[in-house]
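A.B. asks: Fold the following, please.
(one chain, ligands or ions: 1)
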Amino acid sequence: MALALYPGTFDPFTYGHLDVLERACPLFEQVEVTVAINSSKHTLFTIDERCTLIEQCVAHLDNVTVAAFEGLLVDRARERQATALVRGLRQVSDFDYEFRMAFANRKMYPEVETVFFMTSEAHAMISASIVRDVHRWGGDLTPFVPPLVVEALRAKAS
Ligand code: PNS
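C.D. replies: Numbering: from 1, shown residues only. Modelled structure (predicted):
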């Protein structure tokens, strides 16, 4: 059973994340969206909110599960016997961080391969931090995140 983990903070889940996931799904038997519980990083949405939102946004993908995880990603990969880690690349500036993370993960657990998916051009400029900023200043969120996430962001503001 070829299992891939798709790790991230997903604060919140964007159309860019969905695009990467939809590209990865046909290539693996199972994909787990591994949602990082990072207690030292302040997030807009709680871990439960992030997981629930992702579950709702990926309901149309039948080989996707969602799980919260705290700790080293490679420990999760080992525990689940995952063969791949999925990450998205939007632009060249992502590469440095992704390269370092992939090498660190390979050093710690060479059995898992990091696989990069290029997002579609339409989503290349979307990041969760831009979404949070647009939300903060009351901008239109509909080009960036699925409708359920727009609703959740609006509910946060009220
Ligand atoms: O969406 P993000 O915030 O870029 O995702 C980063 C994430 C959660 C994938 C990364 O910080 C991570 O893997 N955290 C778990 C801790 C870990 O394994 N760190 C070593 C990786 S270099």
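A.B. asks: From now on I want contacts and neighbour counts done on CA atoms only, so please keep to that.
C.D. replies: Fine.
A.B. asks: so where's the protein shaky on pLDDT?
C.D. replies: Low-confidence segments of the chain, defined by pLDDT under 70: 158.
A.B. asks: let's see 90
C.D. replies: 1, 38-41, 91-94, 124, 156-158 (pLDDT under 90).
A.B. asks: what number of residues lie near the closest residue to Met108 other than its chain neighbours?
C.D. replies: The shortest distance from Met108 to any non-neighbouring residue, by C-alpha to C-alpha, 6 or more residues apart in numbering, is to Val74 (7.0 Å). Val74: 22 surrounding residues under other C-alpha atoms under 10 Å.
A.B. asks: if I pick Val74, what's in contact with it?
C.D. replies: By C-alpha atoms under 8 Å, 6 or more residues apart in numbering, Val74 lies in contact with 105, 108-109, 112.
A.B. asks: The particular helix or strand that has it in it: which residues count as buried?
C.D. replies: For Val74, the host element (DSSP states H and E) is helix 73-80. Buried positions in helix 73-80, judged by neighbour count with 16 or more other C-alpha atoms under 10 Å: 73-74, 77.
A.B. asks: Closest one to the ligand out of the contacts of Val74, please.
C.D. replies: Proximity of these to the ligand (C-alpha to the nearest ligand atom) peaks at Asn105, which lies at 5.9 Å.
A.B. asks: Just want the phi and psi numbers for that closest one.
C.D. replies: Dihedral angles of Asn105 (phi, psi; degrees, to the nearest 10) stand at phi -60, psi -40.
A.B. asks: same question, Ile37
C.D. replies: phi -90, psi 100.
A.B. asks: Can you tell me the closest non-neighbouring residue to it?
C.D. replies: Spatial nearest neighbour of Ile37, chain neighbours left out: Glu70 (5.0 Å); criterion: C-alpha to C-alpha, 6+ apart.
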